[in-house]
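Student: predicted coordinates and the sequence they were generated for:
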Amino acid sequence: MKVRSSVFASFILIFEVIGVALFLRGFFPVPVKSSVSSKSKLSDLPPEPVTGRSPNSTRVPHPLFEKVVIMLVDALREDFVFGPNGRLYMPYTRHVVERSSSHSFVAKARPPTVTMPRIKALTTGSIPGFIDVVMNLNSPALLEDNLIWQARAAGKRIIFYGDDTWIRLFPKHFVEFDGTTSFFVSDYTEVDNNVTRHRDSTLKRDDWDMLILHYLGLDHIGHISGPHSSLIQPKLLEMDDILKKIHSALISKQTEGALPYLLVLCGDHGMSETGSHGGSSEPEVNTPLVLISPAFRRKEGTLKPDVVEQIDLTPTLALGLGLPISQNSVGRIIPGVFEETSLRDKLRFLHLNGHQLSCLLKDSLPSYEKEPGFEQFRVAEKAHGSWMKLYLEGNTSEVLANMGKKVLKQYLDALNAMSSALGKQLGRYDMYSMIAGMVVVFQLLLLLLLALPEALSGAAAVDVPVLSAVLSLPFYLLCLLFASVHVLVCTSAESSCYFCSLSWGLVFAAVVFSSALFCILISMAMRRLPQEHKTYRKSPLTAPVTEWSLSELDVLLLAGTVGHTLSLAASSFVEEEHQTWYFLISTLCLGVFQDVCRKYFRERIVTGDEEEPVLSSKDRRSGHRKADVHSEKWLALATPPFTLLCCRLLRSLNQTGVQWAHLPDVGHWLNSAEHKVVLSLLAAFCLVLIYFLVQRRCSLVSKVALALGLLGVYSYRAAVDNVSFPWQHSGHATSRGMLEARFVYVFVLGILFTGTKDLLRSQIITADAKLRSRGLWEIYSGLVLLVALLFRAHNLPVLCGSLLIQTLMAQFIWKKLHYDAAQTTIMHYWFGQAFFYFQGNSNNIATIDISVGFVGLESYIEAPAVFLTSLSTYAGPLLWACHLICHLSSEGERSPVSLSHGCYCLALLRSVPAAAYIVLVTVLRYHLFIWSVFSPKLLYESVHLLLTAGVCLFFNTMERGPGSGAPLQCRR
């Protein structure tokens, strides 16, 4: 069965996406959970250990607190409270920390540091899986055992105001609630006012036991302008004043003889130096935890806060409220909270925490008895029993006190060891699903490689022996073999496998598909062997192995692509991958410069006894033509150095990666308030230049729409106070820019509609190549306008530089040097990857700018928010891929199979690193940086593969039919 190269590549990518999805489902582990499906109950608690006696009471010691107020400030960094500026930002909080009855800690949040997983960690005490980053956009109800469920089951009345993620996680748990959307990051005022307006009236009432306030404004400011914005201090002072008023209200309601209150100030995660979060840097994982209660001793001076795990708050609050600890909690109680209780109660609290951790350890590790922590807990429990025996006998000697302190230390050591052991078991890898996904991806990659000579030949068609493979005996034997392996694995696996949980219909389809791929691979490999003598008249990159004659540029492109793939095996290269692409782009510019010099200055033709430059004959007939050729030569010569200069300037715009991300960059300088005029002039200049670079190939209607749209982009940035108009005053009121953004959306849709209409006319009604080319460029200009709206003002030079380099390279390099489709595609891919990092992106989730998902939206709407965020994040690779389609389609001299070749090369360029990377993360799954470095990169690779599949599908729609193109031209 013969199929076009583009169709073949598109199907390969689609099935690779399915294989990678299966691998991801197995790779991202299920968090450690108890095998008991029910929730913890007071009746299930173990008795106090007493040596030589029947079991004593199973009761939990009396609650320490009557009312609890949790004030959670989203993205509150620990240095905002404990740092040098803490007294300026939060003066009352610092006074309480240093002089009042309180305990203060630096609570470490485990990555991923995004809101929903952190809320789950705070309420369950467990370590959420990394895939919860994806679930953060649509939080389902939390069904596992948690603190909120336990409090509600105990009859406690809970009131909540703030981030509506809590309402989705805990439906019907609150007696009163008012949620605010956490994704509309443009708003940092009303989102907090909607919480504060309930504060005073609620604090005056007595019909609640637990009050939770989740403030989002600080997080939104971080996403908009970063942690060093002028908006940070006013917001922190506002939070400090709220804490002061809550504390004052609780003090006034405290009565003598009643149980004391507990006021908790904490953050769910921190904030990176760019204002985002999700990664594992110190500013993102270090959050303040301040516990305020008259039950604590009054401080007498400044003390350095201790370091605890964020999940330690869960068992501490549970026991402090007289509740059972959640079954899946891996946290330890914070000893300081119980400092004023009796020694018996202290030991009892530690015993309950240790018992819960030991039960979870039994469910999580088959060899739990060999764990040092488990053995330490058993020793401490026996010593506790001996201490209880003496205590109940009325022994009051100093020996009893010393023995109790020793038991206390044994418990603390045991809790520390068991919690650490459970923390290392983030989950169980589903190796069967991982291997199944990996096998499918590698089968498809091998198929893509074996088809390379045919796919890049003049016919651009691949003969896939589907029928002969399916009708062969090995196919049926492989089906039986794979089905047997599946049954064997699923019946003998100790833990559940996702692949085993699929229906037999899906499993049968997967078995048939994999068996067919094996047979097709064998058939194509056998077919390659006797046909090595055949030649395909194509460029060196696309010739058979025996015919290869690689130029220096071909060697550079191949070596660079392979070298980048190999570099992904090192964590440092993944963290600083932008450096790899910057190096490759710089080297590419030098290689292209050499080709330009060779074409215009070194190549000679011999006529008789003398040599003449190549550019002679017809060019010498006209003086005017000679001048054009002369200027064209120098412009071509200047293009690579100019491109190199542009890339160097764009590198300094955004610091990215890990090692130097904290250093100031040009973007920070432009975004500072004192340089607003400079940013305004730069943005205006870039928008004007973008118009002149894009409008050349558009219709008159699209040109007008593009001009008005770019004016709307500047108006939007002025509305949100990023830039300013000359007539604007410095103190003008800012808005969300709703009207301006929607104004731009209208013109984006208009340009896309015009381009789509021209494309459909050229494809269906008339085979007009010019109309088709114009339609493509109009669609491209519509995407450019949309990206200009989504990019932050200081990033507009990145878009401008991308368009300028595309224009110069297309005019003077790719066309004049006659680079074939394969070489042009690789160059587009390299530039797209480099511009991904020029935008300020990295392989860290924290650099994703989620604020662009809400441009022009009044509330969170999932589909457009995800689309806009994805488009903004991958704008570089997508714009370069779209330019590749436009460039290959509009080149009249190219063969009609250029699009097929481009599509195939693009699929190969994405398949190789994706397939290699899933092998690398499998091998390195127990690496120290697997969750902080390799896993985020895996998500980036997967999304990029999905987007490339979409681009290749667009390639197919643009490809001309067999008879509609120009005559086939095969050239070097």
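Tutor: Looks like it came in fine.
Student: ranges for the strands of the stretch 351-500 of the chain?
Tutor: According to DSSP state E, counting those that start in this stretch, the stretch 351-500 of the chain carries its strands in the segments 461-463.
Student: can you show me the helices along it?
Tutor: 372-392, 398-424, 431-450, 452-455, 466-470, 473-492, 498-501 (DSSP state H, counting those that start in this stretch).
Student: mean neighbour count, distance to residue 568 and mean pLDDT added to those helices, as CSV?
Tutor: C-beta coordinates here come from the backbone N, C-alpha and C atoms, glycine included. Formatted as CSV, the helices of the stretch 351-500 of the chain follow (neighbours: other C-beta atoms under 10 Å; distance: least, C-beta to C-beta, whole Å; pLDDT from 0 to 100):
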stretch, mean neighbour count, distance to residue 568, mean pLDDT
helix 372-392, 19, 36, 90
helix 398-424, 18, 25, 89
helix 431-450, 20, 15, 93
helix 452-455, 22, 22, 90
helix 466-470, 14, 33, 88
helix 473-492, 14, 29, 91
helix 498-501, 16, 25, 84
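Student: between the ones you listed, which gets nearest to residue 333?
Tutor: Closest to residue 333 of those is helix 398-424 (C-beta to C-beta; 7.7 Å).
Student: in stretch 568-575, what counts as buried?
Tutor: Residues 568-569, 571, 574-575 are the ones in stretch 568-575 that count as buried (16 or more other C-beta atoms under 10 Å).
Student: just want the most central residue of the protein.
Tutor: The centroid of the chain falls nearest to residue 845 when counting by C-alpha atoms, centre = their mean (3.5 Å).
Student: measure it to residue 279 for me?
Tutor: 6 Å (C-beta to C-beta, to the nearest Å).
Student: how about residue 385?
Tutor: Separation of residue 385 from residue 279 (C-beta to C-beta) stands at 46 Å.
Student: picking up where we left off before, which members of the buried residues of stretch 568-575 are the farthest-apart pair?
Tutor: The farthest-apart pair in the buried residues of stretch 568-575, when distances are taken by C-beta to C-beta, is 569 and 575, at 12.9 Å.
Student: tell me who's in contact with the closest residue to residue 522 other than its chain neighbours.
Tutor: Closest residue in space to residue 522, ignoring its immediate chain neighbours: residue 474 at 7.3 Å, by C-beta to C-beta, 6 or more residues apart in numbering. Neighbouring residues of residue 474 by C-beta atoms under 8 Å, 6 or more residues apart in numbering: 518-519, 522.
Student: buried subset of these?
Tutor: Using 16+ other C-beta under 10 Å as the burial test, the contacts of residue 474 include 518-519 as buried.
Student: with distance to residue 644 added, can I get the contacts of residue 474 in TSV?
Tutor: What follows is the contacts of residue 474, written out as TSV (distance: C-beta to C-beta, whole Å):
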residue	distance to residue 644
518	47
519	49
522	47
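Student: now, which of the contacts of residue 474 sits nearest residue 247?
Tutor: Nearest to residue 247, judged by C-beta to C-beta, of the contacts of residue 474 is residue 518 at 68.8 Å.
Student: not counting sequence-adjacent ones, nearest residue to that closest one?
Tutor: With C-beta to C-beta, 6+ apart, the residue lying closest to residue 518 is residue 478, at 5.6 Å.
Student: before we move on, what about residue 597?
Tutor: Going by C-beta to C-beta, 6+ apart, residue 597 has residue 637 as its nearest residue, at 7.2 Å.
Student: any idea how many residues pack against that neighbour?
Tutor: By other C-beta atoms under 10 Å, 17 other residues sit near residue 637.
Student: list the buried residues of the helix or strand it falls within.
Tutor: For residue 637, the host element (DSSP states H and E) is helix 623-651. By neighbour count on 16+ other C-beta under 10 Å, the buried set for helix 623-651 is 629, 633, 636-637, 639-640, 643-644, 646-647, 650-651.
Student: which members of those residues are the farthest-apart pair?
Tutor: Maximum pairwise distance in the buried residues of helix 623-651, criterion C-beta to C-beta, is 34.2 Å, between 629 and 651.
Student: quick revisit: is it possible to get TSV of the helices of the stretch 351-500 of the chain that adds distance to residue 226?
Tutor: TSV is the format used below for those (distance: least, C-beta to C-beta, whole Å):
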stretch	distance to residue 226
helix 372-392	41
helix 398-424	31
helix 431-450	38
helix 452-455	47
helix 466-470	55
helix 473-492	49
helix 498-501	40
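Student: which one, of these, ends up nearest to residue 695?
Tutor: With C-beta to C-beta as the criterion, residue 695 lies closest to helix 452-455 of those, at 35.9 Å.
Student: how far is that closest one from where the chain is centred?
Tutor: Relative to its chain's centre, helix 452-455 lies at 35 Å (C-alpha atoms, centre = their mean, to the nearest Å).
Student: tell me what that helix is packed against?
Tutor: If contacts are counted by 3 or more C-beta pairs under 8 Å, 6 or more residues apart in numbering; DSSP states H and E, helix 452-455 sits against helix 5-27, strand 461-463, helix 898-923.
Student: looking at these, which one has the lowest mean pLDDT?
Tutor: Ranked by mean pLDDT, these end with strand 461-463 at the bottom, a mean of 90.
Student: give the buried residues for that one.
Tutor: Within strand 461-463, the residues that count as buried by 16+ other C-beta under 10 Å are 461-462.
Student: what's next to that strand, contact-wise?
Tutor: Among residues not part of strand 461-463, those counted as contacts by C-beta under 8 Å, 6+ apart are 1-5, 8, 451, 454-455.
Student: are any of the residues you listed buried, and which?
Tutor: Buried among the contacts of strand 461-463 (16+ other C-beta under 10 Å): 3-5, 8, 451, 454-455.
Student: residue 839 touches residue 876, doesn't it?
Tutor: Yes - contact criterion C-beta atoms under 8 Å: residue 839 and residue 876 qualify, at 5.9 Å.
Student: quick check: neighbours shared by these two?
Tutor: residue 798.
Student: between those two, who's got more neighbours?
Tutor: Shown here are residue 839 and residue 876; by other C-beta under 10 Å, residue 839 has more neighbours (25 against 22).
Student: give the contact list for residue 645.
Tutor: By C-beta under 8 Å, 6+ apart, no residues touch residue 645.
Student: where does the stretch 201-350 of the chain dip in pLDDT?
Tutor: Within the stretch 201-350 of the chain, the segments meeting pLDDT under 70 span 301-302.
Student: all helices of the stretch 801-950 of the chain, in order?
Tutor: Here the stretch 801-950 of the chain has its helices, by DSSP H, counting those that start in this stretch, at 821-838, 862-873, 875-890, 898-923, 935-958.
Student: tell me which of the ones you listed approaches residue 249 most closely.
Tutor: helix 862-873 (37.3 Å).
Student: from the contact counts, what lies against that closest one?
Tutor: Looks like helix 862-873 contacts helix 769-790 (3+ C-beta pairs under 8 Å, 6+ apart).
Student: orientation of the helix it packs on relative to helix 862-873 in degrees?
Tutor: Interaxial angle of helix 769-790 relative to helix 862-873 (axes from the mean of the first three to the mean of the last three C-alpha atoms, to 10 degrees): 100 degrees.
Student: tell me what helix 769-790 is packed against?
Tutor: helix 676-694, helix 700-719, helix 738-760, helix 796-809, helix 862-873, helix 875-890.
Student: avg pLDDT for that helix?
Tutor: pLDDT averaged over helix 769-790 gives 91.
Student: which parts of it are buried?
Tutor: Residues 771-790 are the ones in helix 769-790 that count as buried (16+ other C-beta under 10 Å).
Student: can you show me the CA trace of it as PDB?
Tutor: Extracted C-alpha coordinates of helix 769-790, given in PDB (Å, rounded to 0.1, in the frame of the first residue of the first chain):
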ATOM      1  CA  ALA A 769      -1.400  28.700  -6.700                       C
ATOM      2  CA  LYS A 770      -1.300  32.400  -5.900                       C
ATOM      3  CA  LEU A 771      -4.600  32.400  -4.100                       C
ATOM      4  CA  ARG A 772      -3.500  29.400  -2.100                       C
ATOM      5  CA  SER A 773      -0.200  31.000  -1.200                       C
ATOM      6  CA  ARG A 774      -2.000  34.200  -0.200                       C
ATOM      7  CA  GLY A 775      -4.400  32.200   2.000                       C
ATOM      8  CA  LEU A 776      -1.600  30.500   3.800                       C
ATOM      9  CA  TRP A 777       0.200  33.800   4.500                       C
ATOM     10  CA  GLU A 778      -3.000  35.400   5.800                       C
ATOM     11  CA  ILE A 779      -3.500  32.500   8.200                       C
ATOM     12  CA  TYR A 780       0.100  33.000   9.300                       C
ATOM     13  CA  SER A 781      -0.400  36.700   9.800                       C
ATOM     14  CA  GLY A 782      -3.500  36.000  11.900                       C
ATOM     15  CA  LEU A 783      -1.400  33.700  14.100                       C
ATOM     16  CA  VAL A 784       1.300  36.400  14.400                       C
ATOM     17  CA  LEU A 785      -1.300  39.000  15.500                       C
ATOM     18  CA  LEU A 786      -2.600  36.600  18.100                       C
ATOM     19  CA  VAL A 787       0.900  35.800  19.400                       C
ATOM     20  CA  ALA A 788       1.600  39.600  19.600                       C
ATOM     21  CA  LEU A 789      -1.400  40.000  21.800                       C
ATOM     22  CA  LEU A 790      -0.400  37.100  24.100                       C
END
